[in-house]
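[1] Sequence and predicted model, in that order:
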Amino acid sequence: MDGRLRPRHPRLSRFPGRPGPPRRDRACAQPPHRSLQEPGAAQESGLPGIRPRRLPEPADHQGQHGVVRGTGAAQDTTQAVRAGRLPLPGLSPGSPGPQGPPPRSQLTCKPTPYALRAPPQGGNAGGPAKPDPRRPGSCGPRFIRHRWLAAAWMTDMTSDSLEQLHADMERARLVPTWKYVSQFVSMQPAVSYRPFLWKWDHVLAHLMRAGELVTLERGAERRSMEHTNPDLRAQFSTSHTLATALQLVRPGERAPAHRHQAGAVRFAARSQGGEVFTCVQGEPLRMEENDLLLTPSGTWHGHRNDTAHDIVWLDALDYPLVNLLQASWFEPGDDDSAPPRPEGYTTARYGHARPAGWDGDPSPQPVMRYRWQDMRESIERLRREDGSPCDGILLEYVNPRTSGPTLPTMSCRAQLLRPGEHTRAHRATASTVHYVIEGEGSSIVNGQRLDWARGDVFVIPNWAWHEHRNPHGRDAILFCITDEPVMRALGMYREQPYPDHDGRQAVESTFTP
């Protein structure tokens with residue numbers, strides 16, 4: 001029975017406190033007995049005035065219904081009760097045996113199924129009854145003639161153990177929290193991946209090879225290469241919530257339109273300007289070097305390169321988070337999937353001025369192009385400010401409709417590290433991916449130094465100590481993508497400064513690509 005108690009069948013409880021109906025092979029019209037005990041000495045049972053009765057095992061017995069073949073003490077005593085020679089519990093000695101179940105008012109105690117005993121080796125149910133210490137004052141055990149039921153109850157009641165409980169829970173698809181609590185809750189954020197860095201020259205070489213071998217036809221969709229963290233290979237992601245990639249569109253190529261749940265941003269890494277567009281919701285967005293273009297969740301988008309030069313940009317998407325939430329979907333389309341809009345449609349409505357009386361696009365996330373020229377001017381105006389001791393000068397690309405983060409799941413930022421600047425170490429519950437726009441320097445992440453230069457991409461895991469250093473005589477500017485909006489929206493964002501050595505980490509190793 002594997003220690004499991006089968007549900008009691010209704011036919012096994014025809015009368016309250018009785019084991020079941022009479023067997024068909026017995027010539028009897030009365031229900032079976034409840035217990036076979038009579039008043040007597042208390043020395044054997046330990047209960048006042050109660051002594052279990054066990055009769056010998058005759059082959060035959062003469063009852064009031066005739067001779068009945070006996071197969072054991074239980075059957076024989078049952079016939080004795082039916083014949084009126086033995087009283088049922090609750091009746092005074094010498095009272096005639098009842099022809100049916102005794103009235104409830106005549107019972108001296110409430111029948112309770114406890115301390116069930118296995119039948120003896122010979123197969124007869126009976127034997128001296130012992131009191132149950134857990135139930136003082138009880139009137140003794142009941143004997144079960146149905147052996148399969150007795151065996152099941154015995155296993156469940158007398159052989160239980162913690163190991164048996166764990167085994168039964170495993171079969172029921174239950175997990176004991178007292179055994180695995182350390183896997184449910186950690187003392188601090190448990191990070192499953194390491195910091196990593198991808199060199200621009202290495203990635204670009206593979207991307208150009210793919211440009212000769214992979215075409216942008218339906219099925220391939222895009223020619224891009226993911227920055228896959230070796231610890232997140234199964235998710236094809238850069239951090240646990242973000243994925244970045246380099247994408248190549250060759251002269252004269254068109255990437256077909258599609259849309260998906262994941263939101264995306266494009267940062268033009270190498271572009272000579274001209275007729276290079278990403279068409280989002282029918283609006284063409286021109287892509288010049290270091291421009292940032294948005295592709296909000298669920299928007300139609302495709303790409304085309306009408307110039308004579310290759311264009312390479314950095315993609316950043318939140319699909320690892322979308323996949324974790326099991327909310328991903330994808331839909332292919334064509335150039336007519338969204339109504340056409342003129343170039344500059346969104347900028348004219350969300351730029352420095354807004355048409356009077358215009359309520360705006362019903363979408364909470366407008367399609368935007370952030371020109372690098374505008375961001376560079378803002379950086380120059382703020383370079384003389386103190387900035388953040390942990391981040392230097394840090395500017396965020398904001399949603400002009402909500403004044404919030406760039407996308408609901410991603411915040412895009414530009415970070416200036418002035419010549420000779422060395423920030424203090426800190427950590428946060430948000431992960432960040434960095435792309436080097438210009439300059440060179442290094443970042444120390446959990447004691448490991450990552451040296452970077454223009455075009456390199458590196459990831460800082462959540463809850464990792466990190467600091468940045470620009471030892472050179474010219475600016476270093478980084479483009480940053482972080483999942484901080486998600487952590488703030490869920491109330492999970494925390495930030496902590498490094499407490500030792502004036503906020504500086506000791507370098508223990510150097511990253512080797």
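    Looks like it arrived, so ask away.
[2] Determine the set of other helices and strands touching the helix or strand hosting S442.
    In the assignment (DSSP states H and E), S442 maps to strand 441-445. Contacting strand 441-445 under the criterion 3 or more Cβ pairs under 8 Å, 6 or more residues apart in numbering; DSSP states H and E are the following elements: strand 448-452, strand 457-460, strand 466-469. (C-beta placed from N, C-alpha, C; glycine too.)
[3] mind putting the ones you listed in JSON lines, distance to T423 and mean pLDDT included?
    Below are the helices and strands packed on strand 441-445 laid out as JSON lines (distance: least, Cβ to Cβ, whole Å; pLDDT from 0 to 100):
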{"stretch": "strand 448-452", "distance to T423": "14", "mean pLDDT": "98"}
{"stretch": "strand 457-460", "distance to T423": "12", "mean pLDDT": "99"}
{"stretch": "strand 466-469", "distance to T423": "5", "mean pLDDT": "98"}
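[4] how about the nearest residue to E467 once chain neighbours are set aside, what does it touch?
    Of all residues not flanking E467 in the chain, A425 sits nearest, at 4.0 Å (Cβ to Cβ, 6 or more residues apart in numbering). Contact analysis of A425 by Cβ atoms under 8 Å, 6 or more residues apart in numbering lists C390, I444, W465, H466, E467, P497, Y498, G503, R504, Q505.
[5] Check what pLDDT A425 gets.
    pLDDT for A425: 98.
[6] ok, now S182?
    With respect to pLDDT, S182 has a value of 82.
[7] Report how many residues lie close to it.
    If you count neighbours by other Cβ atoms under 10 Å, S182 ends up with 8.
[8] Helix, strand, or coil at it?
    For S182, the assignment made with DSSP: H, G, I helix; E, B strand; the rest coil gives helix.
[9] L165 versus that one, what's the distance?
    S182 is 20 Å from L165, where distance means Cβ to Cβ, to the nearest Å.
[10] Repeat that for R369.
    Using Cβ to Cβ, one gets 62 Å for the distance from R369 to L165.
[11] And these two? Which one has more around it.
    R369 (21 against 13).
[12] Quick one: residues contacting the more buried one.
    By Cβ under 8 Å, 6+ apart, the contact set of R369 is L285, R286, M287, D291, L292, L293, L294, T346, T347.
[13] Closest one to R223 out of the residues you listed, please.
    Nearest to R223, judged by Cβ to Cβ, of the contacts of R369 is M287 at 15.7 Å.
[14] quick one, domains of this protein?
    Annotated domains of the chain cover 1-161, 198-370, 372-510 [automatic domain parsing].
[15] for the first one, what is the average pLDDT?
    When pLDDT is averaged along domain 1-161, the result is 47.
[16] Also the longest one?
    Averaged across domain 198-370, the pLDDT comes to 89.
[17] correct me, but F236 touches N229?
    No: between F236 and N229 there is no contact under Cβ atoms under 8 Å: 9.4 Å.
[18] Of these two, which one has the most company?
    Taking neighbours as other Cβ under 10 Å, F236 and N229 compare with N229 leading, 23 against 15.
[19] Over to that one: give its phi and psi.
    Backbone torsions for N229, taken as degrees, to the nearest 10, come to phi -60, psi 130.
[20] could you measure it against Y193, distance?
    5 Å.
[21] Would you mind naming the residues that bridge with V445?
    In this entry, V445 is beta-bridged to Q448, H466, by DSSP bridges.
[22] Now do the contacts for it.
    Here V445 is in contact with P195, I460, P461, A464, W465, H466 (Cβ under 8 Å, 6+ apart).
[23] Could you list which residues are in contact with the first one?
    Put plainly, it is P195. If you count contacts by Cβ under 8 Å, 6+ apart, then P195 has V445, N446, Q448, L450, F458, V459, I460, P461, A464, H466, F511 around it.
[24] surely H468 meets T423?
    Yes: when contacts are counted by Cβ under 8 Å, H468 is listed as touching T423 (4.9 Å).
[25] which residues are in contact with both of these two?
    Shared contacts of H468 and T423 (Cβ under 8 Å, 6+ apart): D391, G392, L417.
[26] what's around the first one, how many residues?
    Each residue near D391 was counted by other Cβ under 10 Å, and the total is 18.
[27] With G503 instead?
    17.
[28] Nearest residue to it in space, ignoring adjacent ones along the chain?
    If the residues on either side of it in the chain are set aside, G503 comes closest to R424, at 3.2 Å by Cβ to Cβ, 6+ apart.
[29] Doesn't the one you found belong to a strand?
    No: counting by three-state DSSP, R424 is not part of a strand but coil.
[30] Can I get stretch 209-227 in CSV? Just the C-alpha atoms.
    Written as CSV, here are the backbone C-alpha positions of stretch 209-227 (Å, rounded to 0.1, in the frame of the first residue of the first chain):
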residue,chain,number,x,y,z
ARG,A,209,32.0,36.7,-42.2
ALA,A,210,28.3,36.2,-41.6
GLY,A,211,27.6,39.0,-44.0
GLU,A,212,29.0,36.8,-46.8
LEU,A,213,27.1,33.7,-45.8
VAL,A,214,23.8,34.8,-44.4
THR,A,215,21.0,36.6,-46.4
LEU,A,216,18.1,38.6,-44.9
GLU,A,217,15.3,36.4,-46.3
ARG,A,218,12.3,35.2,-44.5
GLY,A,219,13.4,32.8,-41.9
ALA,A,220,16.7,34.3,-41.0
GLU,A,221,15.0,37.6,-40.3
ARG,A,222,18.1,39.3,-38.9
ARG,A,223,21.9,39.0,-39.3
SER,A,224,23.0,39.6,-35.7
MET,A,225,25.3,38.0,-33.1
GLU,A,226,24.3,37.9,-29.5
HIS,A,227,26.6,38.7,-26.7
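[31] which parts of that stretch are buried?
    Using 16 or more other Cβ atoms under 10 Å as the test for burial, stretch 209-227 gives G211, L216, R222, R223, S224, M225, H227.
[32] I'd guessed the fourth one sits against L246; true?
    This points to R223. No: applying Cβ under 8 Å, one finds R223 not in contact with L246, separated by 9.6 Å.
[33] Residues in contact with both of these two, list them for me.
    L207.
[34] quick revisit: pick the one among the contacts of P195 closest to P256.
    Using Cβ to Cβ, the contacts of P195 come closest to P256 at V459, 29.6 Å.
[35] Quick check: the closest one vs S442, distance?
    V459 sits 15 Å away from S442, going by Cβ to Cβ.
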